[in-house]
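[1] sequence first, predicted coordinates after that:
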Amino acid sequence: MKAWPLQSLTMEQAQRKQFRLVDILCRHFPGSDFLNTGDLGLVPGLNQPLTTRRVEAVLAEFFAAPAAALVQGAGTGAIRSGLAALLGAGGRLLVHDAPLYPTTATIAGQMGLTLIRADFNRRDALHQAIVQHRPQAVLIQHTRQKIEDAYALNEVIACVNEHGLPSLCDDNYAVMKVEGIGCEYGATLSTFSCFKLFGPPGIGAVVGEESAVNAVRSSLYSGGCQVQGDQAMAALRGLVFAPVMHAVQAQVNHELLAVLQSGLIPQVKQAVIANAQSKVLLVEFHQPIAQQVLAAAHQRGALPYPVGAESKYDIPPLFYRVSGTFRAADPSLEQRMIRINPNRSGPQTVLRILQESCAGL
């Protein structure tokens, strides 16, 4: 088994991202402004809290984009509003030839979209699909949908842009972990969940071209759709801590990989690091013991399921079944493979739980 995970930030790169974000917010929130929790309601002329608009300005500058909007509904809400801004109901949407993330598939069904599939790992296939089917927009998932996915995001976006098509990049599980996201490589919109970046539950972000972001704003006009000032500030505070914390997590993953590849645990056949969808350790066993290992691990301190997949609540290591998109691509993985996300734990904790859970199997 071989995987092509995204390149994680080094600790130095992560620190630079944190420092740059703080420098930007210092200029947008001078003095004691940053110590306020934020205002509420529909400010005349903005139709949203002033604090929310100021946080959106920080996001836009940080991601080198013309505009940004915070939305309700976390990453799913961001994708839904972003797609609606790029194409209407019943439109033709080009996607990678792989199982769609379940919530994205639900959105496509709700919008009545016609899905056109092409292998994004092959630029010629992507070009042919665009020429032959004339989609109205393209959805690109930044992280991997199949273990064998190896496409470079910037190359896919470049091909799409050559044809003048608008694109939405689902950057969930990639923001603050890698050097750049979709809008920084030329995608029309980037969407992601702030909940996965230590922010409050239910808040998502849409970043990119001003006309598309404005279309998102106009579709969320009512007061109940607005992200309030305190939610926006919580999202910004979480974002500051995300790059360094995720760089630490990446280091732990690589330490675990080296130990497991050494044969320390005889029940383990192999281990790889993969983006499935968050960057995790995939552990394959010689025998179909995945379910027994998970049950035992949950008795020893591992989380049995995610809260927000790397949210501020996901602190102990997660021992979980492989992702839905990976299982859809190969159902047999459910019996012989698990995914481990160390979250905020160190390698010793993960190894202890795994060793004890495999004992006697």
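    Arrived safely.

[2] is it true that residue 69 touches residue 53?
    No. If you go by Cβ atoms under 8 Å, residue 69 and residue 53 don't touch, sitting 9.3 Å apart. For glycine as for every other residue, the C-beta is placed from the backbone atoms N, C-alpha and C.

[3] the bottom helix or strand of this structure by mean pLDDT?
    helix 324-329 (a mean of 75; mean pLDDT, DSSP states H and E).

[4] helix or strand right after the helix or strand hosting residue 71?
    Per DSSP states H and E: residue 71 is located in strand 67-72. Using DSSP H and E, the helix or strand that directly follows strand 67-72 along the chain is helix 74-86.

[5] now do the buried residues in whatever helix or strand comes next after that following helix.
    Note on helix 74-86: by DSSP H and E, the next helix or strand toward the C-terminus is strand 92-96. By 16 or more other Cβ atoms under 10 Å, the buried positions in strand 92-96 come out as 93-96.

[6] give me the nearest residue to the most centrally placed residue in the chain, chain neighbours excluded.
    Nearest to the mean C-alpha position of the chain, by Cα atoms, centre = their mean, lies residue 172 at 1.5 Å. Among residues not flanking residue 172 along the chain, residue 75 sits closest, at 4.5 Å (Cβ to Cβ, 6 or more residues apart in numbering).

[7] if I read this right, that neighbour contacts residue 170, doesn't it?
    Yes. Taking contacts as Cβ under 8 Å, residue 75 lies within contact range of residue 170: 7.4 Å.

[8] overlap in contacts of the two?
    191-192 (Cβ atoms under 8 Å, 6 or more residues apart in numbering).

[9] in the stretch 251-361 of the chain, which spans are helices?
    For the stretch 251-361 of the chain, the helices defined by DSSP state H, counting those that start in this stretch cover 290-298, 324-329, 333-336, 347-358.

[10] please spell out which residues along the longest one are buried.
    Residues of helix 347-358 classed as buried: 347, 349-351, 353-354, 357-358 (neighbour count, 16+ other Cβ under 10 Å).

[11] bridged to residue 274, which residues?
    When bridges are called by DSSP bridges, residue 274 pairs up with residue 280.

[12] show me the contacts for it.
    3, 5, 144, 147, 280, 282.

[13] ok, back up a step: and the buried residues of strand 92-96, which two are furthest apart?
    93 and 96 (11.2 Å; Cβ to Cβ).

[14] that older thread, who has more neighbours, residue 69 and residue 53?
    For residue 69 and residue 53, the more surrounded residue by other Cβ atoms under 10 Å is residue 69, and the numbers stand at 28 against 17.

[15] circling back to that earlier point, could I get the buried residues of strand 92-96 as a markdown table with distance to residue 273 and pLDDT?
    Formatted as a markdown table, the buried residues of strand 92-96 follow (distance: Cβ to Cβ, whole Å; pLDDT from 0 to 100):
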| residue | distance to residue 273 | pLDDT |
| --- | --- | --- |
| 93 | 30 | 98 |
| 94 | 29 | 98 |
| 95 | 25 | 98 |
| 96 | 21 | 97 |
